[in-house]
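**Student:** Sequence first, predicted model second:
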Amino acid sequence: MSAAAGRIDVHFHIIPALYSEAALAAGKSPARGTFPAFSPELALQLMDDNGIATAITSLSQPGVHFGDGLNACELARRCNDFAADMNARWPQRFRSEEHTSELQSHLNLVCRLLLEKK
């Protein structure tokens, strides 16, 4: 089946290596025990094999907070940058719109400012 089927996957997990490495270093692993191999190219192949034209991406569990808020901000930023790069390279295939409340936007700004002072 090809992407021509035009399906939109609204809950497509990405697992950047930088994320899985950080999670495992913190002693966190997914419920299934291990993270599957992931790359944008593998994701595109999976999408093509299943008729998915566009994937709206999100980060896999267990999330980015492993006990240190500042490190969580940095990891979230790096994961968002990874997703943004996928969006830029394959704009018709990957989407990851950031939907945050005004409060969350302010918290994101505070995190960035704290990271700049680090």
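**Tutor:** On my side now, so go ahead. What you see is a predicted model; the values in this text were computed from it and never measured. Residues are numbered from 1 along each chain as shown.

**Student:** Could you pull up the contacting residues of residue 69?
**Tutor:** residue 111 (C-beta atoms under 8 Å, 6 or more residues apart in numbering). Glycine gets a C-beta too; all of them are placed from N, C-alpha and C.

**Student:** any idea how far it is from residue 115?
**Tutor:** Distance of residue 69 to residue 115, given as C-beta to C-beta, to the nearest Å: 11 Å.

**Student:** Look at the residue nearest to residue 82 when sequence neighbours are not counted and say how many residues are nearby.
**Tutor:** Distances taken as C-beta to C-beta, 6 or more residues apart in numbering put residue 16 closest to residue 82, at 4.3 Å, once the chain neighbours are dropped. Residue 16 has 21 neighbouring residues, counting by other C-beta atoms under 10 Å.

**Student:** Any chance of the backbone angles for residue 16?
**Tutor:** Note on residue 16: its backbone torsions stand at phi -60, psi 150 [degrees, to the nearest 10].

**Student:** surely it meets residue 76?
**Tutor:** No. Residue 16 lies out of contact with residue 76 (C-beta atoms under 8 Å); the separation is 11.6 Å.

**Student:** Please give the element, helix or strand, for residue 55.
**Tutor:** Residue 55 belongs to strand 52-59 when assigned by DSSP states H and E.

**Student:** now this structure, which segments are flagged as low pLDDT?
**Tutor:** Along the chain, segments meeting pLDDT under 70 span 1-5, 97-110, 112-113, 117-118.

**Student:** Longest helix of it, counting residues only.
**Tutor:** Looking across the chain with DSSP state H, the single longest helix is helix 69-89.

**Student:** mind listing what's buried in it?
**Tutor:** Using 16 or more other C-beta atoms under 10 Å as the burial criterion, the residues of helix 69-89 that qualify are 72, 73, 74, 75, 76, 79, 82, 83, 86, 87.
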